[in-house]
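**Student:** no sequence on this one, just coordinates:
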């Protein structure tokens, strides 16, 4: 599941960039979350798990997870990628392990080791080396939207771990998109001039469907399936380094974007920091309460 998630995740910047410059952002968010929700609903119904999403024991956590992991990240990604290309996005998204470390300090009270601090600094140096080299991250507001996206992902992962078990990965993934669609659809319909006409382009519609099914639904399903069995930090160690390299290849092949030597160097430095940050983490999922779940965000490195 972690390997599948790596391959799927590598397509996200490329497909989102393609859609970002061709479709209204709110229409994009409403369409992809609706498609993902429609994929989840029949599975949840057949498994008898649909009612659990609205159980008062879990609903607040699932709703909060959806707002952070799907609503906020969809908005930051689509509005950011209107102006930032896929390769720059790949580099900016390498901040995810940094936010993982921050959450381990804030939620658990863990004190970072010198190695963790050095690895975190290495990731930021890799991103900063590209920033200071030119205008790859311009305009700044768009770059900042992409930069903070992994923070919302990490928050949603912590919330998701809180309810797994008893909820299954299918339930958690489905909840993200069902609740998100319930937010985006009314927003889209209430906007003046709301129209689905932009989706008449068959190529664009195909990309939107691919994002909804693969990048949203299948990606979430494989991710929660992996972290329900493995520690979050170990899964991150496998997934995060592979995504940027494959994404750069896809961006070159399908979007005609060509990374500069500085961008390649920057992402390699950042990947090195990621590996140093999570290398040696225990792959086993720790169970038992919110503290145990929060500790899965980032395992201490000895």
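**Tutor:** Now that the structure is in, tell me what you want to look at. Predicted, not measured: the structure shown is a model, and the values here were computed from it.
**Student:** What's the local residue count around residue 204?
**Tutor:** Residues lying near residue 204 (other CB atoms under 10 Å) number 16. Using the backbone N, CA and C atoms, a C-beta is placed for each residue, glycine as well.
**Student:** Per-residue pLDDT of it, please?
**Tutor:** We have a pLDDT of 88 for residue 204.
**Student:** Report the secondary structure state of it.
**Tutor:** helix (DSSP: H, G, I helix; E, B strand; the rest coil).
**Student:** Look up how far residue 197 lies from it.
**Tutor:** The spacing between residue 204 and residue 197, counted by CB to CB, to the nearest Å, is 11 Å.
**Student:** For the stretch 201-302 of the chain, which residues score under the pLDDT cut-off?
**Tutor:** Applying pLDDT under 70 to the stretch 201-302 of the chain picks out residues 227, 230-234, 236-238, 240-241, 274-302.
**Student:** Share the number of residues neighbouring residue 251, please.
**Tutor:** For residue 251, the neighbour count with other CB under 10 Å is 23.
**Student:** From residue 146, how far off is it?
**Tutor:** Residue 251 is 14 Å from residue 146, where distance means CB to CB.
**Student:** next one: residue 217
**Tutor:** Remark: distance between residue 217 and residue 146 (CB to CB) = 22 Å.
**Student:** can you check residue 176 too?
**Tutor:** Counting by CB to CB, the gap from residue 176 to residue 146 is 20 Å.
**Student:** now residue 185
**Tutor:** Distance of residue 185 to residue 146, computed by CB to CB: 25 Å.
**Student:** coming back round to it: which residue of residue 176 and residue 146 possesses the greater neighbour count?
**Tutor:** residue 176 (30 against 24).
**Student:** which stretch of helix or strand covers that one?
**Tutor:** Using DSSP states H and E, residue 176 falls within helix 169-190.
**Student:** tell me what that helix is packed against?
**Tutor:** Under the contact criterion of 3 or more CB pairs under 8 Å, 6 or more residues apart in numbering; DSSP states H and E, helix 169-190 touches helix 25-47, helix 59-66, helix 219-227.
**Student:** so residue 201 sits right up against residue 22, yeah?
**Tutor:** Yes: between residue 201 and residue 22 there is a contact under CB atoms under 8 Å: 7.5 Å.
**Student:** Verify the contact between residue 92 and residue 143 for me.
**Tutor:** Yes: Residue 92 is in contact with residue 143 according to CB under 8 Å; the separation is 6.3 Å.
**Student:** who touches both of these two?
**Tutor:** Residues within reach of residue 92 and of residue 143 at once, by CB atoms under 8 Å, 6 or more residues apart in numbering, are 84, 137.
**Student:** Show me which of those two is the more surrounded one.
**Tutor:** Applying other CB under 10 Å to residue 92 and residue 143 shows that residue 92 carries more neighbours, namely 26 against 21.
**Student:** May I see the buried residues of stretch 5-15?
**Tutor:** 5, 6, 7, 8, 9, 10, 11, 12, 13, 14, 15 (16 or more other CB atoms under 10 Å).
**Student:** Contacts only, for the fifth one.
**Tutor:** Think residue 9. 215, 219, 239, 243, 247.
**Student:** which element is the closest residue in space to the second one that isn't next to it in sequence on?
**Tutor:** Ranked by CB to CB, 6 or more residues apart in numbering and with sequence neighbours excluded, the top spatial neighbour of residue 219 is residue 8, at 4.5 Å. Here residue 8 sits within helix 2-20, counting by DSSP H and E.
**Student:** what about that helix, distance to the chain center?
**Tutor:** 10 Å (CA atoms, centre = their mean, to the nearest Å).
**Student:** so how far is stretch 159-174 off the chain centroid?
**Tutor:** Distance, stretch centre to chain centre, for stretch 159-174: 16 Å (CA atoms, centre = their mean).
**Student:** Buried ones in it, by neighbour count?
**Tutor:** Those would be 159-164, 167-174, for stretch 159-174 by 16+ other CB under 10 Å.
**Student:** So for that stretch, mean pLDDT?
**Tutor:** Mean per-residue pLDDT for stretch 159-174: 82.
**Student:** Quick one: end-to-end distance for that stretch.
**Tutor:** End-to-end distance of stretch 159-174 (CA to CA, to the nearest Å): 14 Å.
**Student:** remind me which residues of the stretch 51-200 of the chain are low pLDDT?
**Tutor:** Low-confidence segments of the stretch 51-200 of the chain (pLDDT under 70): 107-110, 112-113, 115-116, 120, 127, 129-136, 192, 194.
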